[in-house]
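Enquirer: Model the structure of this input:
(4 chains)
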Protein chains: 4
Amino acid sequence: MISFENDYAEGAHPAVLQHLFATNLVQQPGYGNDAYSEAAKEKIRNACHAPHADIRFVVGGTQTNALVIGTVLNPYEGVVAAETGHINVHEAGAVEYTGHKVLTIPQHEGKICARELEAYLEAFRADGTHEHMVFPGMVYISHPTEYGTLYTRGELTDISRVCRRFEIPLFLDGARLGYGLMSPGTDVDLPFLSEVCDVFYIGGTKVGALCGEAVVFPRGNAPRHFVTMVKQRGAMVAKGRLLGVQFDALFTDGLYFSISAHAIAMAQKLKAGFAAKGYPFLLDSPTNQQFVILNREQMERLGAQVKFSIWEPVDGERTAVRFATSWAPRGEDVDTLLALL
Amino acid sequence: MISFENDYAEGAHPAVLQHLFATNLVQQPGYGNDAYSEAAKEKIRNACHAPHADIRFVVGGTQTNALVIGTVLNPYEGVVAAETGHINVHEAGAVEYTGHKVLTIPQHEGKICARELEAYLEAFRADGTHEHMVFPGMVYISHPTEYGTLYTRGELTDISRVCRRFEIPLFLDGARLGYGLMSPGTDVDLPFLSEVCDVFYIGGTKVGALCGEAVVFPRGNAPRHFVTMVKQRGAMVAKGRLLGVQFDALFTDGLYFSISAHAIAMAQKLKAGFAAKGYPFLLDSPTNQQFVILNREQMERLGAQVKFSIWEPVDGERTAVRFATSWAPRGEDVDTLLALL
Amino acid sequence: MISFENDYAEGAHPAVLQHLFATNLVQQPGYGNDAYSEAAKEKIRNACHAPHADIRFVVGGTQTNALVIGTVLNPYEGVVAAETGHINVHEAGAVEYTGHKVLTIPQHEGKICARELEAYLEAFRADGTHEHMVFPGMVYISHPTEYGTLYTRGELTDISRVCRRFEIPLFLDGARLGYGLMSPGTDVDLPFLSEVCDVFYIGGTKVGALCGEAVVFPRGNAPRHFVTMVKQRGAMVAKGRLLGVQFDALFTDGLYFSISAHAIAMAQKLKAGFAAKGYPFLLDSPTNQQFVILNREQMERLGAQVKFSIWEPVDGERTAVRFATSWAPRGEDVDTLLALL
Amino acid sequence: MISFENDYAEGAHPAVLQHLFATNLVQQPGYGNDAYSEAAKEKIRNACHAPHADIRFVVGGTQTNALVIGTVLNPYEGVVAAETGHINVHEAGAVEYTGHKVLTIPQHEGKICARELEAYLEAFRADGTHEHMVFPGMVYISHPTEYGTLYTRGELTDISRVCRRFEIPLFLDGARLGYGLMSPGTDVDLPFLSEVCDVFYIGGTKVGALCGEAVVFPRGNAPRHFVTMVKQRGAMVAKGRLLGVQFDALFTDGLYFSISAHAIAMAQKLKAGFAAKGYPFLLDSPTNQQFVILNREQMERLGAQVKFSIWEPVDGERTAVRFATSWAPRGEDVDTLLALL
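Expert: Purely as a prediction, here's the structure:
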C-alpha cells in the first residue's frame, strides 16, 4: 500500500543520517554548545543574510511555538492568530499552558489579512476598557499555512508594517517552510523573512530531519537568558549535536532547498493528475499538501490502495482529503496513484 | 586531549545508529504510534516483568521530570526531594514552572532516608495548619543519584513502604539507570523497580542513545489522557520512531545492559587507578561517575591533558572533580589517564 | 449629576453594613471558619434546597471564575463559553493564566444554545485527532448574561442534559444572579439552579454587598482540598467574617431578593420610559441592565446630565449605551432621567 | 473565654468602619479609581516621603506576595527568602503557582543576614552552570518577621546594598508593618523603607482593617500594565472603594500608628507579666506577637481559660505558644490573663 498520509512518515534524508553517522564519535560539549550547532547556525545566518541572528535548535514544532510565544510575550499579553492557526486548534492548548491567550481573527484559506489585523488592533487600542482585556502582544502566522497556502511578499510586508505600527513582534511558524520557499512563483525567501519577521523558525522535522526546528531571531533579538528558559520549559537537549549535525547537513550544498523542491515537484505532478481527471480541490495549494475532494465511492476505492489523511467534510456526500509529499523518493508512487484515478 | 567530562560527549552507540539507518525508509505513523515504539515498549515490559506497564518515550530528562511530576501531582501538592535532587538545583525551575513546589528533605551522599521521609510526612500530617501548606504528593529520588551513589533493595523497599503508608507515589529518575543496574554488588533490577516505584524512567540519552527516556508506569497507571498532556507540554515528537527505534535497539540482545557494564568496568579501572596512587575521593561511587579530590597543582597538571568536570570546592586548596565514563570505547583513554597520575 | 453607569457605584446595602457594625467586636476564627460564614452557608443551603452543598465565599467575580474553572478542570481540558462570555473578553486572560483554554461557541444575545453546544461536543468526540486538541471539560454560562438576558428553565434543562450526556460539569456565573431571579416572568430559581448546575455562584458585589461571591457546589461536590487551592490562588481572606457577615445579612429576611426586586422595578420603569419616548433598544433585557440606542445628539445631551456606560457602536451614527440600576435608592433619579428624554 | 489567638479575630477598628458607613452612598468609579483610593494613596505617599510612589490596594497578604513576586520577576528568576519565610511555608505554594521558585537561605530568628545573602549571590554568579539554575531575581523579607522580630536600620541598609550590588529588587512583606514601626526602640520608619526597598506593603488586615494591603512601589516603579495583571490574577476589587476608604481612615490622624502602638503596649505588658512569673520565651520579640514556652501542665491550665496559638514543640515536654495582640481594646483581658499565671 502506498502512502501520502503526511510528510513525516519516513525517517531522515540519507545525507542527514550520513552526517550523524560520520560525526558520531567526535567528542563535543553538550546542550547546544557543540561545533556542529555553531557551524549550522553560521550557515543559516548566511542563508538568511542575517549575520547577527540568534539561533536556537529545538526538537519539535509545538514545543517551539510554546517556547517562543511564552518567552516573548509579556505576562499581560496574548498572541493574535488565525482561527485555523495550528496553535489555536491542534496543539492541545500548549500556548494557554504557558498562561497566555490565543486571540483569534478571521482566516482566508488559512491566512490572515493585514487590513483585518489592523482593524483588530485599532479596535483594541480604542477600547476604553482595555485594561481588563488581554493585550495583543504578538502576531502568529504560519507559512505555508495549515491549508498549504502561501503569503506573498506584499502580504507579508503589509502584515509586518501593521505589527511595527503597533510595536508588536511578528512570529512566523515555518514547520514546513522549505515547501513554501521552493513553491513555484513565490517571491518570499529567507533574507526577506529575516527582514519582516521578528522571530521565525525553519522546520526540520517535516523537511528531511529526524527532528528539529531552527528558531531564528534575525536581529540578535532573542529574549534575555533564553537558554535558561529553554531548559526550564524542557526544550533543552543534552546531546545538542543531534540537532546541530542535522541542520549542518540540511544547510550544506542547499540540501534543505533541494529536498523541498523534490517534494514540490511531486506534489505538482499529483495535483495536475487529479485536475486532469476532473477532481475538485478544496483550495488551490502551491505547496506539498494537496487537498482533494472525494465522494464516498472515490474515498472507498482509493482508500483501499492509498493512504491519505481525512481533512474535513465538505457536504453530506463529499470529503476533503489531504495528499502530502515529502523528501522521500516516492516518484513511482505518484505514478501508481495517478493510474488509480 | 582525552575527555571524561561527561557521559553525553559522543553520539549514539553504533548499534543504535545502525537501527535508525536500517529502518529509515519504512513508512510509519507519527507521534509514537509506530511499530518500533510498540516493539520497544513490549521489550521493556518484558525486561521489567510488567506486562501491563504504560510506557511513553520522551526526549530528555528535565522534560521527563517536569512532565511526570506536573501530570501526576494534584494542584495542591508538591514533590518531596533531596536538597541535592536534580529537580531542585539544575533544572532551571522546570518543576516550579508547572506550578508545583519542590519540598526538600536532607540528603546523604545524594540519597534520602526512609526514616527522615517518614518523619517529614508525619509532621505534615500532624500540623494543624496544613491546609495552608503545600501537600507532599510525590516522592522523587534519583538512582544513581547526582553523586553516583545507589540505593539498596532494602532502602528502596523502606522508602516505598513509607510512600504507600501515606498514599504518595514514588518516582525514580533513572537518567543514568543502566549504570545503576550494572553496578557490581547492586541488588536492584528492573522487575524490582517496577514493584516499588509508581513511575520511573529508563534513561537513554546518557546510556547510548542520541536522545530519549522511557517513562514507565509499571501498573498501567499513567494519568488519564497522558498523551494530550505530553503534547500540551511540548514533549511530543512527530517522528516518534526516532525514540522507538533507539529503545528497540537498546532493548535488543541486552544492549542497554552491556553498554552500561562497559562504562562501569572502565569507571572501576579508573577508580582503582586513582586509589592506587593515593588520590582521595569525595565519596565512594559504585557507578560511572567518579568524584576525585585534586589539589591545585594536580588540577592544573591533569587539566592540561584531560577534560573533566569541576564539581565543588572541598576547601581552600582542594576541589572535587568528576570523571565520567559512557558507552564510548575509551579504554585506551583510561590507560592514558592513569599513566598521567 | 445622576448616574446609572453601573451597579457597583455605591457601597453596601445599609442592612449589610449594619450587620458588619453589630458583629464587629465578636472574636471569631479566621479564614472562613467563623460562625457568620457558617450561618450564611446554612441559609444559602436552605434557599437552594441543597442541604449537602459545599459553599465558599470569595471576594470577586474574576477571582471566582478563575478559581472554579482552574480547580475543576483537568489539565488537558478547557472551558466552553459563548464568544461574548465575560471570561473570554473582560477578565484579562485570568482563565488562560490558570493554564486553560476558553473554547468559544456562538452567542445569541449573550446566550449559548443547547443544540449548538451538543453539535460542538459531538464534533469533538468524532474528531480522530482529538488527542492533540483541548478537551471540552466544563461549560460556562452567565445568568443574567453580559447583555442582561436570561435563560429559561427549559433552556437550562437542555444545556444541562447535554452536559450530563457528555459528562461535563455546568458552571453558572451569577455575578448578577439576584437580578435574574427577580426578573418578572422568569421560571428559574435557586433550587432549580442547584439541580441543573454542578457549580454556580451567587454574586454579592453587584447585589448589595461591599464585596463577595458565594460559590455553591450543590451536591457537596467541591474539588478535594479546595480550601488549599483557594489559599494557593490568593483567594483566601484572613478575616473571612467580612464575607460571612455580609452573606448572612443578604440571606436574612430575603434581603438578597428584595434588593434585586428593587433594582428590577427601577429598571422596568426606566425601560418603559425610554420605550414610551420611542427610543430603540439593542435587545430586550428583562434585568437591571438596559441597553438603549442613542444617536450622537442624544448622547451628547443626555451625557451632560446623566452618567451611563458606552457599550458598543451600532452604526456610524448611533451607539448602544447601558443604564444599570442597583440596590441603591435612586427612585428620584429615574424620574429625573425620564424627564430629560 | 478570652483570646490572644491572633491579630485578626475581630473586625475593623471603629473609625475604619465609621468611614465606610459615612461614605457608603457616594457614587464612585470602580476598580480602584475612586476618590477615596486616590486620597489614601496621597496620604501614604506623604507618610512615606515618596511623592512618586505607585500604590495599589489589594485584599490579602498571600495574594499580594504572589502578585508582586509573580509580576516583578522575570520568567527565569526565583525569589530568595528565609527558610521560615511565610511565602516558603504557609502560603500553599502560591509563589510556585505563579511558576517561580522560592530559593531559601538560612534564617536567624526569622531574619536573613546580609552577609549570607551576599555569599549566596556570589556563589550563584560564580557557578559556571548557572544557565541551568534558577536566577535569584528578588529578595523577600518580612518585617516584623514570622517570629515577631525586627530588622534594624543598619541591617536593612546592608541587605539593600547587597541587593543593589547584584541589581535585584528588595521586597518587604509588611503584613504586620505597623507593629514593627511602633515597636519601642526601632529606628525604621516609612520614609526609610521607601528608600531601601523596591517594593513593600503596608498591611491593613492585621492592623485594624477588615481587609486590605497597600502595595508601595516607592519610586513609581510598578511593573508595566500592573493593573491588567492585578485583574488577570484575580486581585481586582470591583468596589475598590472598600479598600480605599479603609486606608483613607487608617492614614488619617495617624490611626495606623496609634492602633499599632496600642497593640504594642498591650504586648509589652503581657510580656513583662510572663517574664515576672519566670516563664521562658522562645525568643525576644519586640512586637505584637509573644512566643512563650509552656510545659504540659501550664498548657492545659491556661488553655482552659485563654485562647492562644500552638506554635511549635520545644522538646518532649514543652511547647512554644503565641499570644497576639491587635487593635482591639483587650486591656482587661491582659489583666485577666496575667492574673491566671
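
Enquirer: those helices in the stretch 51-200 of chain A, which residues are they?
Expert: Secondary structure of the stretch 51-200 of chain A by DSSP state H, counting those that start in this stretch: the helices cover A:61-72, A:86-89, A:94-97, A:114-126, A:153-165, A:177-181, A:190-196.

Enquirer: By mean pLDDT, show me the worst of those.
Expert: Ranked by mean pLDDT, the helices of the stretch 51-200 of chain A end with helix A:114-126 in last place, scoring a mean of 94.

Enquirer: So that helix, near chain D or not?
Expert: No. Using CB under 8 Å from any CB of the partner chain, helix A:114-126 stays clear of chain D, with a minimum separation of 12.2 Å. Where you see a C-beta, it was placed from the backbone N, CA and C, and this is true even at glycine.

Enquirer: got the CA coordinates for that helix in CSV?
Expert: What follows is helix A:114-126 as a C-alpha-only set of coordinates in CSV (Å, rounded to 0.1, in the frame of the first residue of the first chain):
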residue,chain,number,x,y,z
ALA,A,114,-3.3,42.9,7.1
ARG,A,115,-6.3,45.1,7.0
GLU,A,116,-8.3,42.9,9.4
LEU,A,117,-5.4,42.7,11.7
GLU,A,118,-5.0,46.4,11.7
ALA,A,119,-8.7,46.9,12.4
TYR,A,120,-8.5,44.5,15.3
LEU,A,121,-5.5,46.2,16.8
GLU,A,122,-7.1,49.6,16.3
ALA,A,123,-10.3,48.5,18.0
PHE,A,124,-8.3,47.2,21.0
ARG,A,125,-6.4,50.4,21.3
ALA,A,126,-9.7,52.4,21.1
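
Enquirer: rewinding a little: now the helices of the stretch 51-200 of chain A in CSV, please, with extra columns for distance to chain C.
Expert: Formatted as CSV, those follow (distance: least, CB to the nearest CB, whole Å):
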stretch, distance to chain C
helix A:61-72, 8
helix A:86-89, 7
helix A:94-97, 4
helix A:114-126, 10
helix A:153-165, 20
helix A:177-181, 21
helix A:190-196, 27
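
Enquirer: List, one by one, the residues from the stretch 51-200 of chain A near chain D.
Expert: Counting by CB under 8 Å from any CB, the stretch 51-200 of chain A sits next to chain D at A:Gly70, A:Thr71, A:Asn74, A:Pro75, A:Tyr76, A:Gly99, A:Glu131, A:His132, A:Met133, A:Phe135.

Enquirer: Out of these, which end up buried?
Expert: Taking 16 or more other CB atoms under 10 Å in any protein chain shown as the criterion, what is buried in these is A:Gly70, A:Thr71, A:Pro75, A:Tyr76, A:Gly99, A:Glu131, A:His132, A:Met133, A:Phe135.

Enquirer: between those residues, which is closest to B:Leu177?
Expert: Nearest to B:Leu177 among these is A:Gly70, at 31.0 Å by CB to CB.

Enquirer: Please report how far that closest one lies from A:Arg233.
Expert: 7 Å (CB to CB, to the nearest Å).

Enquirer: joint contacts of the two?
Expert: Each of A:Thr98 lies in contact with both A:Gly70 and A:Arg233 under the rule CB atoms under 8 Å, 6 or more residues apart in numbering or on different chains.

Enquirer: How many residues are close by A:Met299?
Expert: 15 (other CB atoms under 10 Å in any protein chain shown).

Enquirer: What of the one 4 residues further on?
Expert: With neighbours defined by other CB under 10 Å, the count for A:Gly303 comes to 14.

Enquirer: Backbone dihedrals for it, please?
Expert: Per-residue torsions, A:Gly303: phi -60, psi -20 (degrees, to the nearest 10).

Enquirer: The buried ones among the residues of the stretch 51-200 of chain A next to chain D into CSV, with extra columns for distance to B:Arg224?
Expert: Below are those laid out as CSV (distance: CB to CB, whole Å):
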residue, distance to B:Arg224
A:Gly70, 25
A:Thr71, 30
A:Pro75, 30
A:Tyr76, 33
A:Gly99, 23
A:Glu131, 38
A:His132, 35
A:Met133, 34
A:Phe135, 35
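
Enquirer: Okay, and which of those residues map to strands?
Expert: The strands, defined by DSSP state E, take in A:Phe135 from those.

Enquirer: Pick out whichever of the buried ones among the residues of the stretch 51-200 of chain A next to chain D sits closest to D:Gln268.
Expert: Distances from D:Gln268 to those, taken by CB to CB, are shortest for A:Pro75, at 44.4 Å.

Enquirer: Could you report the separation of the closest one from D:Thr71?
Expert: Taking CB to CB, one finds A:Pro75 at 7 Å from D:Thr71.

Enquirer: so what sits against both of those two?
Expert: Common contact partners of A:Pro75 and D:Thr71 (CB under 8 Å, 6+ apart): D:Met229.

Enquirer: Give me the nearest residue to A:Gly137, chain neighbours excluded.
Expert: The spatially closest residue to A:Gly137, leaving aside those adjacent along the chain, is A:Glu77, at 2.5 Å (CB to CB, 6 or more residues apart in numbering or on different chains).

Enquirer: mind listing what that neighbour touches?
Expert: A:Glu77 neighbours (CB under 8 Å, 6+ apart): A:His100, A:Val134, A:Phe135, A:Pro136, A:Gly137, A:Met138.

Enquirer: export those residues to a markdown table and tack on pLDDT?
Expert: As requested, the contacts of A:Glu77 are exported to a markdown table (pLDDT from 0 to 100):
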| residue | pLDDT |
| --- | --- |
| A:His100 | 98 |
| A:Val134 | 97 |
| A:Phe135 | 97 |
| A:Pro136 | 97 |
| A:Gly137 | 98 |
| A:Met138 | 98 |
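
Enquirer: Correct me if wrong: A:Met166 contacts A:Leu121.
Expert: Careful, residue A:166 is Phe and not Met. Yes. Taking contacts as CB atoms under 8 Å, A:Phe166 lies within contact range of A:Leu121: 4.8 Å.

Enquirer: just to revisit the earlier point, are any of the contacts of A:Glu77 buried, and if so which?
Expert: Listed as buried from the contacts of A:Glu77 are A:His100, A:Val134, A:Phe135, A:Pro136, A:Gly137, A:Met138; burial here means 16+ other CB under 10 Å.

Enquirer: any shared contact partners between A:Phe166 and A:Leu121?
Expert: In contact with both A:Phe166 and A:Leu121: A:Pro136, using CB under 8 Å, 6+ apart.

Enquirer: Local confidence estimate at whatever residue of the stretch 101-250 of chain A ends up closest to chain B?
Expert: Among the residues of the stretch 101-250 of chain A, A:Gly234 lies closest to chain B, at 3.3 Å counting by CB to the nearest CB. A:Gly234 carries a pLDDT value of 97.

Enquirer: and the residue of the stretch 51-200 of chain A nearest chain D?
Expert: A:Tyr76 (4.2 Å).

Enquirer: hang on, the earlier thing: and the residue of the stretch 101-250 of chain A closest to chain B, how many neighbours does it have?
Expert: A:Gly234 has 29 nearby residues by other CB under 10 Å.

Enquirer: pretty sure it is touching B:Thr62, no?
Expert: Yes. A:Gly234 lies in contact with B:Thr62 (CB under 8 Å); the separation is 5.4 Å.

Enquirer: need the longest helix for chain A.
Expert: The longest helix of chain A (DSSP state H) is helix A:255-276.

Enquirer: Name the residues that touch it?
Expert: With CB under 8 Å, 6+ apart as the test, helix A:255-276 has contacts from A:4, A:7, A:13, A:15-16, A:178-179, A:181-184, A:202, A:207-208, A:249-250, A:281, A:285, A:287-290, A:292, A:323-327, A:329-331, A:334, A:337-338, A:341.

Enquirer: From A:Val89, how far off is A:Glu312?
Expert: On the measure of CB to CB, A:Glu312 and A:Val89 end up 12 Å apart.

Enquirer: The two: which is more packed in?
Expert: A:Val89 (18 against 11).

Enquirer: hmm, back to that, what's the ChimeraX line that selects buried ones from the contacts of helix A:255-276?
Expert: In ChimeraX, this line selects whichever of the contacts of helix A:255-276 come out buried by 16+ other CB under 10 Å:
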select /A:4,7,13,15,16,178,179,181,182,183,202,207,208,249,250,285,287,288,289,290,292,323,324,325,326,327,330,334,337
